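In: Model the structure of this input:
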Amino acid sequence: MSFLLDALSGLCLLTGGFLCVSGGVGLLRLPDFFSRVHAASVTETLGTPLILAGLALQMGPTLDTVKLLIVAAFVLATNPTATHAMVKAALHDGQEPLVGEPTQESTPGKQEAEPSDS
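Out: Residues are numbered from 1 along each chain as shown. Below is the predicted model of the structure:
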């Protein structure tokens, strides 16, 4: 039984860690505010509770496990709400979502290639 709990805990920790890292990559790579907020909110809403569940499985039935579950419930309740509030504020401020294929000007860190002299 201990091997099963360790395997399940490791799976939760690895999956949650991968989701949190992919959210960070999405923050760096995506072209506009709305895409970045979406990447961060989706990965953090699922990644953080998975990491906390993996830690709770490692700890066993203790008071600290109850605290981790309370934190996970708080994250699941507040993260989507905060994301919705940020997006609604951006829309209210007049910012428009990027629609269609991003151009060179809208993608940060990308510059046009210099024409070669052949």
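In: Pull up the gap between L28 and L98, please.
Out: Per CB to CB, to the nearest Å, L28 is found 16 Å from L98. C-beta coordinates here come from the backbone N, C-alpha and C atoms, glycine included.
In: Compare these two (neighbour count), which wins?
Out: L98 (16 against 10; other CB atoms under 10 Å).
In: Quickly note the distance from the residue lying closest to that one once chain neighbours are set aside to P80.
Out: Nearest residue to L98, sequence neighbours excluded (CB to CB, 6 or more residues apart in numbering): D32, at 4.1 Å. Distance from D32 to P80, counting by CB to CB: 20 Å.
In: Equivalent analysis for L57, please.
Out: Taken as CB to CB, the span from L57 to P80 is 24 Å.
In: These two - which one has more neighbours?
Out: L57 (20 against 14).
In: if I pick T15, what's in contact with it?
Out: 47, 50 (CB atoms under 8 Å, 6 or more residues apart in numbering).
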